[in-house]
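K.L.:
Predicted coordinates and the sequence they were generated for:
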Amino acid sequence: MVTSEAPGAVPIRNDDVDWDSWPVQDYLAENYRDLHPSDAAVIAHHAGLYRELTPGGIARSVEFGAGPNLYPLMLAASVSRRIDAVEAGTANVRYLTGQFRDGPDACWQPFYALCRRQVPSLPETLGEALARVRIVHGDVRALPAGAYGLASMHFVAEGATEDFTEFTEFCRLFARCVGPGGYLVAAFMENMPTYRIGRASRWPGCPVDVDAVREVFAPLTERLSVTRINADPTLPDYGDSGMVLMTGRTPSPPGRYG
């Protein structure tokens, strides 16, 4: 783990940030108007887990801090009968609501086509997949323990704070919301410092790497797998060095794993 704060600086924590003003359109323009190689790599990695699971076998899953990114919801639809997209920021909720009410932006179709190639059990159309999603405007820290069979998180814990202790707590709550023997799948920006989106907005970053993610999740999981991909030159240079990808299961009583 690499700190991004100057000596003696007070780190920005989640509650110091006005998440309602998240610059959704700038973020989408910089990251998701095109299908980048890093997105394809994340989808391929996660699909390895989803292909192992029974289609429709998860009663409820959660996207832990959904943001405006739709492709994690697409993947989860391959195994989930219902998906809660939990998001605190008003701007992100507004965007998601529009996508579900009016239909997804055309830029998401290549993402869904790739998801279907990777996980053929997905419904034929993106609309069918997203019909399983319920938008929940709320704080992920308030999610009940053990409520879900699967939890997915993308670029949230390390992008919500500059404080490694708070990053660790977000990860703990992420694992806690899944019942015993449930599944966890996540992606983190590697060594992400505090960064800018668009011309002016500044957002917290907590630099983490493979070792930090493994250290945090090892006591929370079994069958933990952590890997990484290199920085994507087709994306803006936020100061990161790539992405860390993980899957795992929450501990079960002996004899309960299939």
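P.N.:
Perfect, thanks for sending it.

K.L.:
what stretches of the stretch 51-200 of the chain score poorly on pLDDT?
P.N.:
Within the stretch 51-200 of the chain, the stretches with pLDDT under 70 are 200.

K.L.:
which stretches of it form helices?
P.N.:
71-76, 90-102, 109-118, 126-130, 164-176 (DSSP state H, counting those that start in this stretch).

K.L.:
The ones you listed: which one's closest to residue 22?
P.N.:
helix 90-102 (4.9 Å; CB to CB). C-beta here means a position set from N, CA and C on the backbone, and glycine is covered the same way.

K.L.:
on that earlier part again, take the helices of the stretch 51-200 of the chain and lay them out in CSV including distance to residue 51 and mean neighbour count.
P.N.:
Below are the helices of the stretch 51-200 of the chain laid out as CSV (distance: least, CB to CB, whole Å; neighbours: other CB atoms under 10 Å):
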stretch, distance to residue 51, mean neighbour count
helix 71-76, 10, 25
helix 90-102, 26, 17
helix 109-118, 8, 18
helix 126-130, 16, 18
helix 164-176, 22, 19
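
K.L.:
So which of those helices is nearest residue 83?
P.N.:
Proximity to residue 83, assessed across those by CB to CB, is greatest for helix 71-76 (5.0 Å).

K.L.:
Quick check: which helices or strands does the closest one pack against?
P.N.:
Packing contacts for helix 71-76, counted by 3 or more CB pairs under 8 Å, 6 or more residues apart in numbering; DSSP states H and E, involve helix 37-50, strand 61-64, strand 83-87, helix 109-118, helix 126-130, strand 148-154.

K.L.:
What are the boundaries of the strands in the stretch 151-258 of the chain?
P.N.:
For the stretch 151-258 of the chain, applying DSSP state E, counting those that start in this stretch gives strands covering 178-190, 195-197, 201-203, 222-230, 242-249.

K.L.:
May I see those organised as a markdown table, with distance to residue 123 added?
P.N.:
Converted to a markdown table, the strands of the stretch 151-258 of the chain look like this (distance: least, CB to CB, whole Å):
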| stretch | distance to residue 123 |
| --- | --- |
| strand 178-190 | 19 |
| strand 195-197 | 32 |
| strand 201-203 | 34 |
| strand 222-230 | 27 |
| strand 242-249 | 23 |
